[in-house]
Each structure stands twice: as structure tokens, then as C-alpha cells.
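> 3D, please:
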Amino acid sequence: MHTAPHPGSAPAPAPPVDWTFQVGWAANGEDVQAAQRLRFAVFVGEMGAQLTPDAMAAGLDADRFDPFCEHLLVWAIDRAGRMPRQLVGTYRVLTPSGACRAGGLYADQEFDLAPLAALRPRMIELGRACVHPGWRSGGVILALWSALGQYMVRHGLETMVGCASVGLADGGRFASALWRGVSATHLARPAWRVVPRCALRLVDDSGQPPVTLRAMPPLIKGYLRGGARVLGPPSYDASFHTADLPIIMRMDELSARYRAQFLAR
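All right, here's what the predicted structure looks like:
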């Protein structure tokens with residue numbers, strides 16, 4: 001027999017959801033579209049990116065590189081099975097063979113990467129990294145990095161490159177101060193430095209101090225703490241209205257702490 005609630009009484013609170021993460025690679029087009037929807041929500045919904053009319057109508061962040069990439073996904077799973085799984089994080093990975101089929105890296109559009117030619121046979125490009133706004137406490141990024149580390153070891157890869165994006169809603173002041181900070185402390189060796197094809201117009205704000213590591217965006221701060229280096233000054237990405245910093249991370253230069261996290265199973 002069911003007991004009717006007392007009139008006006010509040011409904012019983014829903015039991016808390018016990019979430020766990022499931023990490024894996026996209027197995028089909030439906031998985032890739034899930035990643036593209038999450039990217040759209042973050043890049044367009046939060047950052048104001050302007051994509052093609054077709055992409056805006058479809059609600060998908062998709063470009064010509066997606067078919068050549070491997071897509072890494074982190075799903076939040078309700079252990080009790082009451083809630084549907086949620087995609088909470090994604091990276092896309094362009095392998096050396098994928099880059100050959102695509103005619104180059106995404107970053108080739110933004111930078112002259114000729115100084116990295118010798119690294120390309122064992123180098124991947126990381127791109128379109130994003131985490132759902134409700135899941136940015138750090139666990140999702142660690143899950144992604146652990147899977148990436150295992151992938152690098154499994155395939156005998158040595159180098160990761162990519163662009164770390166910074167919004168320009170403030171007119172570029174933060175991005176300029178960030179560049180001043182990392183150029184003083186985290187530049188890659190001179191032989192690997194690259195030149196942007198469309199350089200960000202830096203704001204001359206010498207009265208402001210450079211951005212410290214503590215104040216950097218979480219993803220960039222995580223890269224640099226892990227041993228990554230900046231390859232050169234930022235480019236301007238007109239589609240996403242961002243400053244893009246070229247980043248390189250070498251497996252043999254990972255910090256001891258991040259090596260344990262990055263390669264953890």
C-alpha cells in the first residue's frame with residue numbers, strides 16, 4: 001500500500017548520484033558526434049566561437065580534421081544505473097599517419113612548424129580539449145591524460161604538440177601578460193621555436209605584471225607543471241577569437257609527479 005504525502009509537504013529528495021568515469025576511444029560516428037556536441041557547447045556556447053553556418057545549425061563543432069583523428073572520450077557513469085551516462089570530457093588526437101592523410105596538422109594552419117620536422121614521425125597533435133563546465137574539478141583532465149600517456153607508450157610515440165587557447169574578451173590584455181610570463185620561464189629550446197602565421201597583436205601593458213603560473217588557466221597550468229614548453233608567441237584564431245599558444249610536451253621531459261599521473265592505469 002502506498003502512503004499519500006501530506007498536502008503541502010516537500011517531495012523526498014532524490015538520492016545522490018554516485019558517479020564514476022569511463023574512458024575510451026570513439027568507436028563510431030555517434031561517439032564522434034557526442035564529442036562534437038560537447039565541443040560546440042563549450043567553444044560556441046561559452047567562448048562565443050563563430051563556426052560555419054552548417055556547423056552552427058547542426059550544433060556541432062566539426063572540421064575537416066575530425067575524420068582523420070582519434071577521439072578520446074570521458075563518460076560519467078551512474079553506478080546505480082538510474083541516470084544516463086554523460087560525456088564530460090574529450091580530446092582529439094591526430095597521429096603521424098592521420099596527419100599524412102589529412103595533409104598536415106591543424107596547427108600547421110596557424111604556425112610555421114618547419115623546426116619540428118624531425119619530430120613528426122613520432123609526434124601527435126592534441127586538439128579540441130574541453131571539459132563539461134559541471135565537471136572541471138580536475139578528475140576528468142587526469143583521466144584524459146592517463147589515457148593519453150598509455151596511448152603514447154603503447155604506440156612508441158615521443159612528442160605531443162597542440163594549441164592552448166585563451167579568450168580575448170578583455171581585448172587581449174590577459175593573453176599578452178600570459179605570453180610575457182611564459183616567455184620568461186617556459187620557452188622551448190631555440191631549435192624548436194615556431195613563428196605564428198597570423199601573430200596576435202600584443203597589448204603593450206608594461207604596467208601590469210606578467211601572469212604567474214598560479215594564475216594561468218587550468219589546462220595551460222597543468223601542461224607547464226607537467227613539463228611542457230611554449231614553442232613561440234601566440235597566433236590569432238579569428239574563427240574562435242582566441243590567442244593560441246603553441247605547446248610541446250615530450251615524454252622524456254615529464255615531471256616525476258606527472259609521469260606517475262600521466263602513465264597511471
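> Which other helices and strands does the helix or strand hosting A147 contact?
Assigned by DSSP states H and E, A147 falls within helix 139-154. Helix 139-154 sits against strand 19-25, strand 70-78, strand 86-94, strand 123-131, helix 218-226, helix 256-262, with contacts defined as 3 or more C-beta pairs under 8 Å, 6 or more residues apart in numbering; DSSP states H and E. Backbone N, C-alpha and C define where each C-beta goes, glycine included.
> How about the contacts made by the closest residue to R101 other than its chain neighbours?
Nearest-residue entry for R101: F68, 5.2 Å, with adjacent residues in sequence omitted and distances by C-beta to C-beta, 6 or more residues apart in numbering. Contacts for F68 were tallied using C-beta atoms under 8 Å, 6 or more residues apart in numbering; they are 94, 98-99, 101-102.
> Which of these are buried, as a PyMOL select command?
Per 16 or more other C-beta atoms under 10 Å, the buried members of the contacts of F68 correspond to this PyMOL selection:
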select buried, resi 94+98+99+102
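> Kindly indicate which of the contacts of F68 lies nearest V203.
L94 (31.6 Å; C-beta to C-beta).
> ok, A169 - how many residues close by?
If you count neighbours by other C-beta atoms under 10 Å, A169 ends up with 11.
> Hmm, I typed the wrong one, I wanted E158.
With other C-beta under 10 Å as criterion, E158 counts 14.
> ditto for S137
10.
> Settle this for me: H241 is touching A49, isn't it.
Yes. Using C-beta atoms under 8 Å as the test, H241 is close enough to A49 to be in contact (6.9 Å).
> Have a look at the two and say which one is more surrounded.
The neighbour comparison of H241 against A49 (other C-beta under 10 Å) goes to A49, with 21 against 15.
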